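Undergrad: quick one: sequence plus predicted model below, questions after.
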Amino acid sequence: MKKVAIVGAGTMGSGIAQVFALSGFDTILYDLTNEALEKARSMIDKNLSKAVELGKLDEASKHAAQARLSYTTQFEALKADFILEAIVEKLDVKIGLFLRLAEQNEATTVFATNTSSIPITQIAAGIPHPERVVGVHFFNPAHIMKLVEIISGAQTAEEVARDCYDMMQQLGKTPVMAKDAPGFIVNRVARHYYVEALKTLEEDVAGLEQIDTLMENIGFKMGPFRLMDLIGVDTNFSVTSSMYHLFHQDSKFRPSRIQQQKVDAGHHGRKSGRGFYRYE
């Protein structure tokens, strides 16, 4: 797999595209608007320049990575060996995307999803050649975080999952094989870091700054509210809601009213300038 396409130029999609381009892959980054693509280009250029400043990258490698990246709003351009979607966390939207991609790509093209919680089997069920659909779940920020979950659905071919595992190693990541279940490994285990913090806030046990400070002082790199702002409050809420329904309304995954209000108000975290905290 030499040519890669990433669908969705948000925080995750742009970070994933950057990683592939740095590792020598010709990479297409697609989004619906030029505005989204320009924002992604600016973010990627900033990340690469920062890496140069820190001595982690030289100028030649920076320019080579930029040259391997192309940006497009033309859906017809999405023809590649490996296509990964990093779009909205909605099952019907993901299925619709892969159905369109199947019409213009070879049967051997791997369709990867960066979903945080939706079972791969559900996504692949109506897709031609479902054996090529696989979960490749990066963590935010994708250009820094090493872990990547490789998730096989009921029909995913073993060689497809293995090829993706090997590809992630080529990117310098630490891949782990996971079975298909809501939330997979990390989001299922870590969900309660957010859910319980929000319950503590709802019950007025402590303020969000106090909760963050306490968690950071016992060893967590970021408190739950600062982490939700980094990930995206809307994204985090969407994953929690998805898992709540996939686990048949198990109360331990109940979404928070406070988080719902933040999403409704457009306070999506760092990317919107305001979440649980304000950002200039």
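TA: Structure's in. What do you need? Numbering: from 1, shown residues only.
Undergrad: P130: what's it in contact with?
TA: Listed by Cβ atoms under 8 Å, 6 or more residues apart in numbering, the contact set of P130 reads A124, G153, Q155, T156. Every C-beta, even on glycine, is put in place using the N, C-alpha and C of the backbone.
Undergrad: count of residues packed around G8?
TA: With neighbours defined by other Cβ atoms under 10 Å, the count for G8 comes to 23.
Undergrad: got TSV for the contacts of P130, with distance to D234, secondary structure and neighbour count too?
TA: Supplementary listing: those in TSV, determined by distance: Cβ to Cβ, whole Å; DSSP: H, G, I helix; E, B strand; the rest coil; neighbours: other Cβ atoms under 10 Å:
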residue	distance to D234	secondary structure	neighbour count
A124	26	helix	26
G153	26	coil	21
Q155	31	coil	15
T156	29	coil	23
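Undergrad: which parts of the protein are helices?
TA: Along the chain, the segments classed as helices by DSSP state H run 11-22, 34-53, 59-68, 91-104, 120-124, 158-170, 186-202, 208-217, 224-231, 233-246, 257-264.
Undergrad: closest to H137 out of these?
TA: helix 186-202 (7.9 Å; Cβ to Cβ).
Undergrad: what's the span of stretch 52-70, first residue to last?
TA: Stretch 52-70 has an end-to-end distance of 21 Å (Cα to Cα, to the nearest Å).
Undergrad: buried sites along it?
TA: L57, K62, A65, R68, L69 (16 or more other Cβ atoms under 10 Å).
Undergrad: before we move on, back to that, the helices of the chain: which one's closest to M1?
TA: M1 lies closest to helix 158-170 among the helices of the chain, at 6.4 Å (Cβ to Cβ).
Undergrad: could you say what helices and strands the closest one packs with?
TA: For helix 158-170, the packing partners by 3 or more Cβ pairs under 8 Å, 6 or more residues apart in numbering; DSSP states H and E come out as strand 110-113, strand 133-138, strand 147-152, strand 174-179.
Undergrad: and those: which comes nearest A206?
TA: strand 147-152 (29.6 Å).
Undergrad: can you list contacts of the closest one?
TA: Under Cβ under 8 Å, 6+ apart, the answer for strand 147-152 is 120, 134-139, 158, 161, 164-165, 168, 171, 173-180, 184-186.
Undergrad: that one - what's its average pLDDT?
TA: Across strand 147-152, pLDDT averages out at 98.
Undergrad: okay, D264: pLDDT?
TA: pLDDT, D264: 97.
Undergrad: just give the number of residues close to it.
TA: So D264, with other Cβ under 10 Å, has 10 neighbours.
Undergrad: and N34, by the same measure?
TA: There are 11 residues near N34, going by other Cβ under 10 Å.
Undergrad: give the contact list for the residue lying closest to it once chain neighbours are set aside.
TA: Nearest in space to N34, with sequence neighbours left out and distances taken as Cβ to Cβ, 6 or more residues apart in numbering, is T73 at 6.0 Å. T73 is in contact with Y30, D31, L32, T33, N34, L37, counting by Cβ under 8 Å, 6+ apart.
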